[in-house]
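Visitor: need coordinates for the following:
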Amino acid sequence: MPAPENSQLAGRVAFNYPDFRRYEYARFFITVALEMQSVAVGWQVYELTRRPFDLGLVGLAQFLPGVLLFLASGHAADRFDRRKLLVLCYSGFAICSALLLGIAWRQTHAVNAIYAVLILVGVVRSLSGPVTRAILPQLVAEEHFPNAIAWHATIYQTATILGPAVGGLTYALFRGPAGVYASATATALAAVVSTVSIRTRAKARPREPMNLTTVLAGLRYIWQRKLVLGVISLDLCAVLLGGAVALLPVYARDILKTGPWGLGILRSAPGIGAATMAVLLAHRPLRGRAGATMLWCVAGFGAFTIVFGLSRSLILSLVSLLLVGATDMVSVVVRAMLVQLATPDEVRGRVNAVEMIFIGASNEFGQFESGVTAQWFGTVPAVVLGGIGTLVVTALWAWGFADLRRAD
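Guide: Below you'll find the predicted structure:
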């Protein structure tokens, strides 16, 4: 049973739900696996081609399947058992890691096979994203959902800290990606085992027919609620322009002059900042002026991205990335609260599918955008211009979405 509200353990009340704990174990394992794998893929591709553009293609390969499949995946998340879908998705991630391991064993120097597997990763992610988000409110009571959101973000960010660091060190230790892909496969299988025993608290949902009206319900819901539209689109544009993650292999190898271990540390730094902020928000949640706070933090995200882009010091780069992660976490928590609690359970999967397209566009397509601009203008100008673009977007959204600016 959950702890009472006046308990000294109220800040961790979500962990009193066994199914929430199992879900978070699985989420931790799968995130570690994917983050380890991401470091190995980025370093391997850049080693083979030495072109920032190809790092952009890594993101594009994972983003395009979501664009094509998000309507169907959202409908599936509302129509079928979400726990079973999650088991299927995590199994799919394990298979993708095993395929990358096979490619590494063959020691092929063609990147096309890697891109093909990344497209499969994108297909699995297009379904896992809506399911992962839609199932969370079914694991805890509504009054404890804000606490669950904060700890969910904390555990995710902890995994994004550990995964890249372990991935980079494993890559260096085994002198290649094979050890990383083998570890990712085993970790993904651990996520499958943890997910199997989850039991949700949700009531049975009506089986809606699959037609244009029901498939587009998520889009219609977001369009009718301008505050939600403003929050999601702000995150899309800010991270799309300001994301520098795709170019970290270039910084690690050519600018900061470190090896794979340095790439792993750089990839972990935003997660450390984000996890620290998430723990703070779990114990001291936002009480007022959430919209204005979010806007200021998105602006900070852009400013610290500029500092990172100009840095030639590993220490300054790490500090900048720490602050990038911390400011981004505020946006993540505000957006999650607005979307999850305000959305009826029967359309939550479709709404989350639309949101995942926005997130995918800001992350994976943002990697492609970074790769293209780096190829055109150079790595440092691409990152700096992206940070400036984030500041401009924040100012435009603060002016154009009054409801977001006044959100309390």
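Visitor: point out where the stretch 51-200 of the chain drops to low pLDDT.
Guide: 70, 75 (pLDDT under 70).
Visitor: do a quick rundown of the helices in it.
Guide: With DSSP state H, counting those that start in this stretch, the ranges of helices along the stretch 51-200 of the chain come out as 52-79, 82-106, 112-135, 145-174, 178-196.
Visitor: now the shortest one: buried residues?
Guide: By neighbour count, with 16 or more other CB atoms under 10 Å as the criterion, the buried positions of helix 178-196 are 178-185, 187-192, 194-195. Heads up, the C-betas are built off the backbone N, CA and C, glycines and all.
Visitor: nearest to S91 among those?
Guide: The shortest distance between S91 and any of the buried residues of helix 178-196, using CB to CB, involves V192 and amounts to 5.4 Å.
Visitor: wait, that closest one sits on A94?
Guide: Yes - under the criterion of CB atoms under 8 Å, V192 is in contact with A94, at a separation of 6.6 Å.
Visitor: A238 is nearest to which of the helices of the stretch 51-200 of the chain?
Guide: Go through these one by one with CB to CB and the one that ends up closest to A238 is helix 52-79, at 16.5 Å.
Visitor: and that closest one, what other elements does it pack with?
Guide: Contacts defined by 3 or more CB pairs under 8 Å, 6 or more residues apart in numbering; DSSP states H and E place helix 52-79 against helix 18-49, helix 112-135, helix 212-215, helix 248-250, helix 345-377.
Visitor: next, the buried residues of that helix.
Guide: Across helix 52-79, burial judged by 16+ other CB under 10 Å covers 52, 54-66, 69-71, 73-79.
Visitor: and for stretch 111-119?
Guide: Neighbour counts over stretch 111-119 (16+ other CB under 10 Å) mark 111, 114-115, 117-119 as buried.
Visitor: same check on stretch 17-33?
Guide: Within stretch 17-33, the residues that qualify as buried are 17, 19-20, 22-33, counting by 16+ other CB under 10 Å.
Visitor: closest to A246 out of those?
Guide: Minimum distance to A246 across those is 18.2 Å, recorded for T31 (CB to CB).
Visitor: so what's the closest one up against?
Guide: 156, 159-160, 163 (CB atoms under 8 Å, 6 or more residues apart in numbering).
Visitor: wait, isn't V298 in contact with G387?
Guide: No - if you go by CB under 8 Å, V298 and G387 don't touch, sitting 11.4 Å apart.
Visitor: could you find the closest non-adjacent residue to V307?
Guide: When the adjacent residues along the chain are set aside, V307 lies closest to S320, with 4.5 Å between them (CB to CB, 6 or more residues apart in numbering).
Visitor: out of the helices and strands packed on helix 52-79, which gets the lowest mean score?
Guide: When the helices and strands packed on helix 52-79 are compared on mean pLDDT, helix 212-215 scores lowest, with a mean of 54.
Visitor: for G176, what are phi and psi?
Guide: phi 160, psi 170 (degrees, to the nearest 10).
Visitor: any idea how far it lies from F401?
Guide: Using CB to CB, to the nearest Å, G176 is found at 48 Å from F401.
Visitor: could you do L316 as well?
Guide: If you measure L316 against F401 using CB to CB, the figure is 33 Å.
Visitor: more crowded one of those two?
Guide: Per other CB atoms under 10 Å, whichever of L316 and F401 has more neighbours is F401, with 20 against 14.
Visitor: OK, contacts around the nearest residue to the more buried one once chain neighbours are set aside?
Guide: Excluding the flanking residues, the one nearest F401 by CB to CB, 6+ apart is G230, at 3.6 Å. Contact partners of G230, counting by CB under 8 Å, 6+ apart, are 397, 400-401, 403-404.
Visitor: got it, and L385?
Guide: Applying CB under 8 Å, 6+ apart, we find L385 in contact with 373, 377.
Visitor: tell me the pLDDT of it.
Guide: Reading off the model, L385 has pLDDT 88.
Visitor: which stretch of helix or strand covers it?
Guide: helix 379-400 (DSSP states H and E).
Visitor: how far off centre is that helix?
Guide: Relative to the centre of its chain, helix 379-400 is centred 20 Å away, using CA atoms, centre = their mean, to the nearest Å.
Visitor: what do you get for stretch 249-266?
Guide: Relative to the centre of its chain, stretch 249-266 is centred 21 Å away, using CA atoms, centre = their mean.
Visitor: neighbouring contacts of that stretch?
Guide: In this structure, residues lying in contact with stretch 249-266 by CB under 8 Å, 6+ apart are 39, 42-43, 46, 52, 55, 164-169, 171-172, 244, 248, 312, 314, 317-318, 321, 374, 379-380.
Visitor: and it, end to end?
Guide: Terminal residues of stretch 249-266 are spaced 9 Å apart (CA to CA, to the nearest Å).
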